[in-house]
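Asker: Turn this into a structure:
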Amino acid sequence: MPIAKLPQKICSRSFGEDELAIVRSIIADSREEQSSRSEIARRVCAALDWRNVRGGLKEMGARVALLRLHRQGLITLPEPRARNWTGKSVQLNDAPVPEPPPSDFVAPLSALGSIRLRAVTNRDDSRLWNGLIDHYHYRAYSPLSGAQIRYLIESDLGLVGAIGFGAAACTLQARDRWIGWDRDQREREREKIVNNRRFLILPWIRVKNLASHILAKASRRIPLDFQARYGYAPVLLETFVEQDRFDGGCYRAANWIPVGTTSGRGRNDLTTKRERKQHGAPLPIKQIWLYPLRQDARRVLCGQPALTGGVA
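Answerer: Numbers count the residues shown, from 1 in each chain. Below you'll find the model as predicted:
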């Protein structure tokens with residue numbers, strides 16, 4: 001397998017041969033100490049100053065980035081002590097996911113009673129969330145990147161689904177144009193955007209308006225929970241909807257804003273313009289939806305002072 005090209009940026013910081021040499025040196029030093037991958041990620045963050053807006057180390061983003069470099073043949077990480085570093089894992093194989101009932105649950109929203117988002121904070125909930133997504137979401141399970149929060153969705157009648165939020169996309173022309181970003185502003189402020197990476201309602205639950213109701217609850221929880229966990233509150237949510245599969249109706253009903261579509265290329269795409277013209281985009285084209293968590297979200301993302309009373 002040929003060795004991949006170096007990424008230009010990792011954790012919003014420039015990355016090149018010098019940074020790669022530092023990472024390799026840290027990994028080499030860690031062998032004698034038998035350090036874990038998590039400890040290596042912490043050391044790399046400190047050495048390369050990969051930090052979030054609060055000044056804390058970007059440990060989760062570093063873990064994902066180092067795993068990607070490992071899989072591309074650019075570094076060699078030690079064997080994982082816990083399988084949750086590698087995507088498909090024991091956490092999925094034995095997750096206690098519910099089985100479909102004999103018939104679908106079809107009822108009005110009120111029949112479910114209270115809808116609650118329970119943040120995933122322990123191993124059992126994490127296994128359940130991972131298993132639900134892997135069994136019932138069309139894109140299956142993959143680790144979320146960067147600062148993240150996952151929720152189990154519950155009702156008075158039981159489990160309803162799962163939803164997860166992680167790091168925003170590095171570059172999206174339609175999103176960046178809507179915000180009014182230049183490149184430097186995007187690199188500096190992107191952490192203030194959170195991406196709705198996964199959203200699942202169990203397939204046998206057929207309740208009108210449930211999805212938009214959950215999205216509305218999530219938009220109120222995210223700023224508070226991110227503030228408590230990471231020390232800052234995001235100002236914008238984003239998500240992608242495959243336009244050949246879905247119409248984005250639940251996002252529209254929850255007042256999200258459609259701003260355009262993706263190019264269908266993806267972060268690691270190397271196809272030429274001619275190849276894409278002949279064979280089409282290598283990835284599905286997705287609608288880009290945004291939800292401002294503050295009335296002055298664009299102003300804040302462009303590095304300008306926040307307006308008094310700017311919370312949406």
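
Asker: switch to C-alpha atoms for all contacts and neighbour counts from now on
Answerer: Will do.

Asker: All the helices of the stretch 51-200 of the chain, in order from the start?
Answerer: Ranges of helices in the stretch 51-200 of the chain, per DSSP state H, counting those that start in this stretch, are 59-71, 90-93, 123-136, 173-179, 183-189.

Asker: residues in contact with stretch 128-145?
Answerer: 60-61, 64, 87-88, 91-93, 95-97, 120, 150-152, 161-162, 164-167, 197-200, 202-203 (Cα atoms under 8 Å, 6 or more residues apart in numbering).

Asker: One more pass at 7 Å, please.
Answerer: Outside stretch 128-145, the residues that touch it by Cα atoms under 7 Å, 6 or more residues apart in numbering are 60-61, 64, 87, 92, 95-97, 152, 162, 166-167, 200, 202.

Asker: closest to Asp225 among these?
Answerer: Of all the contacts of stretch 128-145, Asp225 sits closest to Gly166, with 12.7 Å by Cα to Cα.

Asker: which residues are contacting the lengthiest helix in the chain?
Answerer: In the chain, taking DSSP state H as the definition, the longest helix is helix 210-230. Applying Cα under 7 Å, 6+ apart, the contact partners of helix 210-230 are 109, 232-234, 250-251, 253-254, 293.

Asker: Tell me the helix or strand right after the helix or strand bottoming out on mean pLDDT in the chain.
Answerer: When the helices and strands of the chain are scored by mean pLDDT, DSSP states H and E, helix 273-279 comes last with a mean of 50. Next helix or strand after helix 273-279 toward the C-terminus (DSSP states H and E): strand 286-292.

Asker: If you count neighbours, what's buried in that next one?
Answerer: 286-292 (16 or more other Cα atoms under 10 Å).

Asker: Can I get these in TSV including distance to Ile115 and pLDDT?
Answerer: Below are the buried residues of strand 286-292 laid out as TSV (distance: Cα to Cα, whole Å; pLDDT from 0 to 100):
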residue	distance to Ile115	pLDDT
Lys286	29	93
Gln287	27	95
Ile288	26	97
Trp289	24	97
Leu290	23	98
Tyr291	21	98
Pro292	23	98
